[in-house]
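Novice: Following is a predicted model, sequence given first.
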Amino acid sequence: MAEATQHQQWTGEWLPGMACSCLLHWFPLGKSKEAEIKRINKELANIRSKFKGDKALDGYSKKKYVCKLLFIFLLGHDIDFGHMEAVNLLSSNRYTEKQIGYLFISVLVNSNSELIRLINNAIKNDLASRNPTFMGLALHCIANVGSREMAEAFAGEIPKILVAGDTMDSVKQSAALCLLRLYRTSPDFVPMGDWTSRVVHLLNDQHLGVVTAATSLITTLAQKNPEEFKTSVSLAVSRLSRIVTSASTDLQDYTYYFVPAPWLSVKLLRLLQCYPPPEDAAVRGRLTECLETILNKAQEPPKSKKVQHSNAKNAVLFEAISLIIHHDSEPNLLVRACNQLGQFLQHRETNLRYLALESMCTLASSEFSHEAVKTHIETVINALKTERDVSVRQRAVDLLYAMCDRSNAQQIVAEMLNYLETADYSIREEIVLKVAILAEKYAVDYTWYVDTILNLIRIAGDYVSEEVWYRVIQIVINRDDVQGYAAKTVFEALQAPACHENLVKVGGYILGEFGNLIAGDPRSSPLIQFNLLHSKFHLCSVPTRALLLSTYIKFVNLFPEIKTTIQDVLRSDSQLKNADVELQQRAVEYLRLSTIASTDILATVLEEMPPFPERESSILAKLKKKKGPGTVTDLEDIKKERNSDMNGGTESTPVNASTASTPSPSADLLGLGAAPVTSSAPPPSSTGSLLVDVFSDSASVVAPLAPGSEDNFARFVCKNNGVLFENQLLQIGLKSEFRQNLGRMFIFYGNKTSTQFLNFTPTLICSDELKSSLNLQTKPVDPTVEGGAQVQQVVNIECISDFMEAPILNIQFRYGGTFQNISVKLPITLNKFFQPTEMASQDFFQRWKQLSNPQQEMQNIFKAKHPMDTEITKAKIIGFGSALLEEVDPNPANFVGAGIIHTKTTQIGCLLRLEPNLQAQMYRLTLRTSKETVSQRLCELLSEQF
């Protein structure tokens, strides 16, 4: 009886899952590991004898023994036979036998097996059988194995099955997911062809399972071949619209806890993130309606209290918000998304709080939503103080960093410093870097900056890297107005009984340079300064002691009255016979210098350090390195602040010095040199010149403007920050700052692939006429851009006179052996040099009448291209650069503005009047300036915005 029961457990006469459960009942009969191994070896011997026996096994017996082998393998034991029997099962016409055969192959057969050709032949037969069950098993096996051999054999066949009209829905689903698997493992074996246009139409399929699988496939294919699948945008919007407007009862089979088709909605929203906003107004309007509907549904009371309902609902919501952020084109949606995320900041679910903070970090980089994000500053600060989860606290720090601008910098820095005292050790260094960057970037009063950095060292000295204290010394040395305060403050800080070594380094350097500025106070006399520093000497490491010895010799020059005291210290055995060679050498040399050198020679050798050349802050570079290669979707430094302080200048390299001119004094503020922009011709070659390396391919043919370049250019007329260009390989982001006739543009090149770009060469191209009006400089970038990394290029700008054209940015590089050549228009337009001017009504119209010559006025009547929203219109006029004058025009519906265009040679006053006609959906724009070409250009630029 026992033998019969045991035999029945091993036969597997039921479905495989039931057979496996029976097998599980058998193996615990072994009371120890040794007993189990003994039983398995006995069974393997039995199976081997059955396979090698003279009596041919029927299909059922083969299935039974192959199933046993599979189960033994899953228990962790090696199987080195039975593969051929499993392959033979593939030719069976019985489903259970074929299923076990495919299961065994999927688990145990590797891609290098000698049997792979036989397996492929069996799979081909099943795919050609048109039996949906057998086709499904074959497709599952291909996807599970996923080898290059499989891809080479079937990548051309599966797309035909996918788009065939007579293929059943279940097979289409399997074919789509199988092709997706092969494309991910071996994309070079999946050819693009006629099937690509047909697979897009699967988004309209009646079966939502097919649509879901097809959307996953199309999303992956579109990321590398966007042009092939751009027609999917309108179909995806149409399908999404039908889902979000349907009731939960309309899609019963695909409704998950009262949320219709949530996973398909998420996939469609992700597909749309592969493309810029739709160009077709109807499609764009329908997509906007879908996104508004999703945001509206988020405000509705939940239809179920179960967590599955809220998870599905929020999954769709967050993906919709990601799409809104990606498009960055609808101010209303961006603000609404920000408000919705703000509600999640105090949600009881930790995951929701985390996701809200993470999404708001990205929203903070948009000009349209930056102000809305700032309204939640108190909530974020409270999360920083009370949140228990460290990952959420870290996201709160990131958001505070992202929302920081001139208006709230001191509050945010203060809160970060308070949090730093109790912050987790794992994130302290990152917080220190962010505090240092914000303090420098938004420092209006440099005494505040000095206080902040010293406080930073006091609180978290162990996490203050060399880049931080180097930077504070550079800034103090470069700014005369803060040197005395820095010396006084650091002297007071050093009086604490326990000082961090980094504070001793900063104190030693600053007092060595500027200690004379506070020496007149008896409380900080030269001897007191020296004794204070020397009291820290024996507690410091060798590098810090070396720095203090340099400070002492500086004191010999600054304070001759304590020369003898310092010489005694240098002459002591602890210095002259120090075990460290560096300290010993310094002591000997400094002592000799102080003894034999005259006062004049000492003054010359030990004179005050000259100002450091301004260059890009190394602290920011360190933060980016710490955070890893930048994900290109998020350009971290693009901020709302239009007139942000230019404290950390960028060392610029003249691109073409052939027509140098003397810069104006104000140009020094931006570090502008005397060289204009590059022309389309390559620069003169010179041995050892960096320019030869960076611009070596500039003689190549310049590509025509990329598709959509003109539209993106127009979007930047009224804003300074955002994504200028994006395709499957490269993302180009901009951050711009302008002041009077000067400007600086930061260009971020992001490598979206995992493969490095070689010979990466960005070139600015200007016509001869534009070169005479616009003086541009650029700093070379590294010719190699690693996969997933982001590099920054700085363009310094000086407007000499008014201009009509815009420079062309040409980027050439090699990707995977293929030469890439991309050209886009760089949004440097005349209105960027606008300075707003406030005027009373009487002054405005008096000046308006003075500019009444026909040559001074330019008028345009045009049809509205966008919804005629009052707030958006105001934002665009302010973004254009002029002041928006309230209560000036007798008609309150009209908009008037005033400003001055600043160039190096002249200043041009400008008045504008915009008259909307809501009924006709028309605008009349009138520009009056003292120069005809300026009126014409400003009118052209502003007309395109409405």
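Specialist: Received, thanks.
Novice: make it CA atoms for all contacts and neighbour counts henceforth
Specialist: Fine.
Novice: Now for Leu334, how many residues are close by?
Specialist: Using other CA atoms under 10 Å, Leu334 has 24 other residues around it.
Novice: quick one: secondary structure of it?
Specialist: Here Leu334 is helix, with the state taken from DSSP: H, G, I helix; E, B strand; the rest coil.
Novice: if I read this right, it contacts Ser369, doesn't it?
Specialist: Yes - if you go by CA atoms under 8 Å, Leu334 and Ser369 touch, sitting 5.7 Å apart.
Novice: Need the overlap of contacts for the two.
Specialist: Applying CA atoms under 8 Å, 6 or more residues apart in numbering, one finds that Leu334 and Ser369 are jointly contacted by Leu363.
Novice: Tell me the confidence at Ala429?
Specialist: Careful, residue 429 is Glu; it's not Ala. Glu429 is assigned a pLDDT of 86 by the prediction.
Novice: Report the separation between it and Asp462.
Specialist: When distance is defined by CA to CA, to the nearest Å, Glu429 is 9 Å away from Asp462.
Novice: and if you look at Pro890?
Specialist: Counting by CA to CA - Pro890 and Asp462 are separated by 64 Å.
Novice: Who has more neighbours out of these two?
Specialist: Asp462 (13 against 8).
Novice: Am I right that that one sits in a strand?
Specialist: No - using three-state DSSP, the assignment for Asp462 is helix, not a strand.
Novice: so what's it up against?
Specialist: His500.
Novice: any idea which helix or strand comes after whichever strand or helix holds Ser574?
Specialist: Ser574 belongs to helix 573-576 when elements are defined using DSSP states H and E. Per DSSP H and E, the first helix or strand lying C-terminal to helix 573-576 is helix 581-596.
Novice: buried residues in that following helix?
Specialist: Going by neighbour count (16 or more other CA atoms under 10 Å), the buried part of helix 581-596 is 583-587, 590-591, 594.
Novice: do the same with stretch 519-532
Specialist: Result for stretch 519-532 [16+ other CA under 10 Å]: buried residues 519, 524, 526-527, 529-530.
Novice: Repeat that for stretch 913-930.
Specialist: By neighbour count on 16+ other CA under 10 Å, the buried set for stretch 913-930 is 913-916, 922-930.
Novice: so after the helix or strand bottoming out on mean pLDDT in the chain, what's the next helix or strand?
Specialist: Lowest by mean pLDDT, DSSP states H and E among the helices and strands of the chain is helix 690-694, with a mean of 30. Next helix or strand after helix 690-694 toward the C-terminus (DSSP H and E): helix 709-715.
Novice: what pLDDT, on average, does that following helix get?
Specialist: Throughout helix 709-715, pLDDT has a mean value of 80.
Novice: Likewise for stretch 291-305?
Specialist: Rounded mean pLDDT across stretch 291-305 is 89.
Novice: same deal with stretch 332-350?
Specialist: 89.
Novice: One more: stretch 146-154?
Specialist: Averaged across stretch 146-154, the pLDDT comes to 84.
Novice: For that stretch, buried residues please.
Specialist: Neighbour-count burial for stretch 146-154 [16+ other CA under 10 Å]: 146-151, 153-154.
Novice: ok, so of those residues, who is nearest Val210?
Specialist: The nearest member of the buried residues of stretch 146-154 to Val210, counting by CA to CA, is Phe154 at 20.2 Å.
Novice: measure that closest one to His83 for me?
Specialist: 22 Å.
Novice: Over to Ile822?
Specialist: From Ile822 to His83 the distance is 53 Å (CA to CA).
Novice: where are the low-confidence patches of the chain?
Specialist: 1-31, 54, 111-113, 248-250, 614-702, 817 (pLDDT under 70).
Novice: can I see the domain layout of it?
Specialist: According to the TED database, the chain is divided into the following domains: 1-108, 195-298, 408-479, 491-609, 709-828, 831-944.
Novice: coming back round to it: what's the helix holding Ser574 packed up against?
Specialist: Applying 3 or more CA pairs under 8 Å, 6 or more residues apart in numbering; DSSP states H and E, we find helix 573-576 packed against helix 581-596.
Novice: before we move on, back to that, what about the buried residues of stretch 519-532, which are in helices?
Specialist: In helices, judged by DSSP state H, the following of the buried residues of stretch 519-532 are found: 526-527, 529-530.
Novice: right, and the helix or strand after the strand or helix carrying Leu399?
Specialist: Assessed by DSSP H and E, Leu399 sits inside helix 390-403. Next helix or strand after helix 390-403 toward the C-terminus (DSSP H and E): helix 409-420.
Novice: quick one: the helices in the stretch 301-450 of the chain?
Specialist: For the stretch 301-450 of the chain, the helices defined by DSSP state H, counting those that start in this stretch cover 307-327, 331-344, 350-363, 370-374, 377-386, 390-403, 409-420, 425-441, 446-460.
Novice: Would you mind measuring from Leu217 to Ile142?
Specialist: For Leu217, the distance to Ile142 (CA to CA) stands at 16 Å.
Novice: for Val476, same thing?
Specialist: As judged by CA to CA, Val476 and Ile142 stand 66 Å apart.
Novice: try Tyr923
Specialist: 60 Å.
Novice: The nearest residue to Lys904 once chain neighbours are set aside: what's it in contact with?
Specialist: Spatial nearest neighbour of Lys904, excluding adjacent residues (CA to CA, 6 or more residues apart in numbering): Ile800 at 4.6 Å. Residues in contact with Ile800 (CA under 8 Å, 6+ apart) are 741, 772-775, 903-905.
Novice: Mind putting these into a markdown table with secondary structure and neighbour count?
Specialist: What follows is the contacts of Ile800, written out as a markdown table (DSSP: H, G, I helix; E, B strand; the rest coil; neighbours: other CA atoms under 10 Å):
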| residue | secondary structure | neighbour count |
| --- | --- | --- |
| Asn741 | coil | 25 |
| Ser772 | helix | 17 |
| Ser773 | helix | 20 |
| Leu774 | strand | 24 |
| Asn775 | strand | 24 |
| Thr903 | coil | 21 |
| Lys904 | coil | 19 |
| Thr905 | coil | 11 |
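Novice: Now the two most distant members of those residues.
Specialist: Every pair of those checked by CA to CA; the farthest is Asn741 and Ser772, at 14.4 Å.
Novice: Distance from stretch 877-896 to the middle of the chain?
Specialist: From the chain centre to the centre of stretch 877-896 is a distance of 36 Å (CA atoms, centre = their mean, to the nearest Å).
Novice: Sorry, slip of the keys, the one I care about is stretch 850-870.
Specialist: 38 Å.
Novice: Begin at 545 from now on, thanks
Specialist: Okay, residue one is now 545; in that scheme the one you just asked about reads as stretch 1394-1414.
Novice: Tabulate the domains of the chain in JSON lines, adding columns for distance to Leu885.
Specialist: What follows is the domains of the chain, written out as JSON lines (distance: least, CA to CA, whole Å):
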{"stretch": "domain 545-652", "distance to Leu885": "44"}
{"stretch": "domain 739-842", "distance to Leu885": "10"}
{"stretch": "domain 952-1023", "distance to Leu885": "20"}
{"stretch": "domain 1035-1153", "distance to Leu885": "40"}
{"stretch": "domain 1253-1372", "distance to Leu885": "21"}
{"stretch": "domain 1375-1488", "distance to Leu885": "22"}
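Novice: Of those domains, which is nearest Ala864?
Specialist: Proximity to Ala864 (CA to CA) singles out domain 739-842 among the domains of the chain, at 6.3 Å.
Novice: What's the end-to-end length of that closest one?
Specialist: For domain 739-842, the end-to-end distance is 38 Å (CA to CA).
Novice: Using PDB, write out the CA atom coordinates for stretch 1469-1482.
Specialist: Provided in PDB are the C-alpha atoms of stretch 1469-1482 (Å, rounded to 0.1, in the frame of the first residue of the first chain):
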ATOM      1  CA  LEU A1469       0.300  94.000 -30.500                       C
ATOM      2  CA  THR A1470       1.900  97.400 -30.800                       C
ATOM      3  CA  LEU A1471       5.600  98.100 -30.100                       C
ATOM      4  CA  ARG A1472       7.200 101.500 -30.100                       C
ATOM      5  CA  THR A1473      10.900 102.100 -29.700                       C
ATOM      6  CA  SER A1474      13.400 104.700 -30.800                       C
ATOM      7  CA  LYS A1475      14.800 102.300 -33.400                       C
ATOM      8  CA  GLU A1476      12.900 100.600 -36.200                       C
ATOM      9  CA  THR A1477      14.900  97.300 -36.200                       C
ATOM     10  CA  VAL A1478      14.300  96.900 -32.500                       C
ATOM     11  CA  SER A1479      10.600  97.500 -32.800                       C
ATOM     12  CA  GLN A1480      10.400  94.900 -35.600                       C
ATOM     13  CA  ARG A1481      12.400  92.200 -33.800                       C
ATOM     14  CA  LEU A1482      10.600  92.600 -30.500                       C
END
